Structures are given as structure tokens and as C-alpha cells.
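> Predicted model and sequence follow; I will ask about them next.
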Amino acid sequence: SQTIHQWPATLVQPVGSPLSLECTVEGTSNPNLYWYRQAAGRGLQLLFYSVGIGQISSEVPQNLSASRPQDRQFILSSKKLLLSDSGFYLCAWTRGTAGFYNSPLHFGNGTRLTVT
Amino acid sequence: TQLLEQSPQFLSIQEGENLTVYCNSSSVFSSLQWYRQEPGEGPVLLVTVVTGGEVKKLKRLTFQFGDARKDSSLHITAAQPGDTGLYLCAGAGRGGADGLTFGKGTHLIIQP
């Protein structure tokens, strides 16, 4: 069976510090990978998605970047965190060759990031 | 931009009552998914509806996709405290790996 691991679960970082959140998927090959941010009152906002190694698409301009160094590894980074980067970050995957109707999003348990 | 409006935003009811939450859009979606999210966890898929007019049941939960595939509803019968959570609808329409639009969710609290 497929599993998704995301860490850390909680993170408190000062403004201006770097960030690295990691997500790995097991039990599947060539998944589409996603980073979402969830903020109160704003719902789930897609930040980045990737359809393959080294292929990153960004949905919104921001202080963050993403990388996919391996097929089942997705990393969210920042060189200098802002207060507005606080939120709940979720990694997710779908089967790469399927549509959303038969391969929905499978989410990790998220990282609660607080920038102080 | 495709938007999904969910209502109500918040709902608190007593155990045993029935409730319906709605997911509406002016756009047509090829499919619509419902997720439930508990605090500190990621959303978990409940159901996917694909065909206009489709009705799916999951124990006490009944999901309906509108005939025009622009809206959906979730009806819970005899709600229980374990139903408490954030219910999210998400529509697939544009195609491609990025084509999933989420609503802001309905926060549901079932009081014992």
C-alpha cells in the first residue's frame, strides 16, 4: 500500500531563518506531488506541483521554492522566512497517469509552521 | 478562475440531528470530491462523484452531484460526535495535474 510521510509535524522558526520541509511517498512510482498551504478562512492554496523529477510548477508568486530531487521526494524551502509564511503545510500525491476522478489526492499529516 | 463556495461555513448541532452542507459553483466540473479533515491531520477522501445526478452513500453520509455538475451536497443522517471535522469539497475541471479547486470548507461540530 502507498504511504506518505511528511516532517516535521510542528516547527517554530524566527523571521529571516531558512526553511526545509520534506515529504516522501512510498509504494508508488512516478506520482504527481503537491505542496498546499492551509490558512484559516482561506482554504487550501496550491503552492507547487510536480509531475516528475526536477519538474516544478508554481501556482502563486511567493517567498517559497520547491524541489524534487528524487521520484518520490518533494521538498519545500525558503531562504528567509516571513511572518506571512506561517500556516499549515500539506504535501499530497496522486497517481501520475490518472485523472482526479479516479486518483484523488492523498495527503500527509501536515506541518504546522509558526514564524515568530 | 473556478471557484467553489461551501455553506454553511460553520455548523454546530446536537448528536442525532440531520444536516446538509452545500458546495456550489458557476463552473462545470468533470468530477467532485469530498474530503474530511480532523485537527492536525491532512484531509482524507470520503467520496468522488463523476456523473451528473449521481448519488453515493457512505453509511450515514449521502453525497449528491448536481445534474449540471456545478454543485454538490453532503447530507448526514443522525449525526454523531465522530462526524466532527472540516468537510472540504474539491472540483476537477481544467484537466492536467493542477486542475483541482478546493472550497474553503464547512466546520462541523456534533455535540454529544
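Everything's here; your move. Residues are numbered from 1 along each chain as shown, chains lettered A, B, ... in the order given.
> rest of the way, CA atoms for contacts and neighbours
OK.
> Note down every partner strand of the helix or strand of chain B with the lowest mean pLDDT and its orientation.
Comparing helices and strands within chain B by mean pLDDT, DSSP states H and E singles out strand B:100-102 as the least confident, with a mean of 88. According to DSSP bridges, strand B:100-102 has the following sheet partners: strand B:85-92 (antiparallel).
> pLDDT of the partner strand, averaged?
For strand B:85-92, mean pLDDT is 94.
> Stretch A:84-92 now?
Mean predicted lDDT for stretch A:84-92 stands at 95.
> Same question for stretch A:31-39.
In the prediction, stretch A:31-39 has an average pLDDT of 93.
> Mind listing what's buried along it?
A:31, A:32, A:33, A:34, A:35, A:36, A:37, A:38 (16 or more other C-alpha atoms under 10 Å in any protein chain shown).
> is it anywhere near chain B?
Yes - legend: contact between stretch A:31-39 and chain B by C-alpha under 8 Å from any C-alpha of the partner chain is shown at residue A:32.
> Can I get the buried residues of stretch A:31-39 in JSON lines including secondary structure?
Written out in JSON lines, the entries for these read as follows (DSSP: H, G, I helix; E, B strand; the rest coil):
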{"residue": "A:31", "secondary structure": "coil"}
{"residue": "A:32", "secondary structure": "strand"}
{"residue": "A:33", "secondary structure": "strand"}
{"residue": "A:34", "secondary structure": "strand"}
{"residue": "A:35", "secondary structure": "strand"}
{"residue": "A:36", "secondary structure": "strand"}
{"residue": "A:37", "secondary structure": "strand"}
{"residue": "A:38", "secondary structure": "strand"}
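> and which of those is nearest residue B:30?
Proximity of these to residue B:30 (C-alpha to C-alpha) peaks at residue A:32, which lies at 19.1 Å.
> thinking again about what came up before, quick check, nearest of the buried residues of stretch A:31-39 to chain B?
residue A:32 (7.0 Å; C-alpha to the nearest C-alpha).
> Is the closest one bridged to anything, and to what?
Taking DSSP bridges, one obtains residue A:94 as the residues bridged to residue A:32.
> Would you confirm that it contacts residue A:103?
No - using C-alpha atoms under 8 Å, residue A:32 and residue A:103 do not qualify as a contacting pair, with a distance of 10.4 Å.
> quick one: low-confidence parts of chain A?
Scanning chain A for pLDDT under 70 picks out A:61, A:98, A:100-102.
> That should have said chain B, apologies.
Scanning chain B for pLDDT under 70 picks out the ranges B:1-2, B:94-99.
> can you tell me which strand in chain A is longest?
Across chain A, the longest stretch assigned as strand under DSSP state E is strand A:43-52.
> Show me what that one is in contact with.
Contacts to strand A:43-52, defined as C-alpha atoms under 8 Å, 6 or more residues apart in numbering or on different chains, come from residues A:30-38, A:56-60, A:66, A:68, A:71, A:96, B:97-98, B:102-105.
> in its sheet, what does that strand sit against?
Next to strand A:43-52 in the sheet, as set by DSSP bridges, lie strand A:32-39 (antiparallel), strand A:55-58 (antiparallel).
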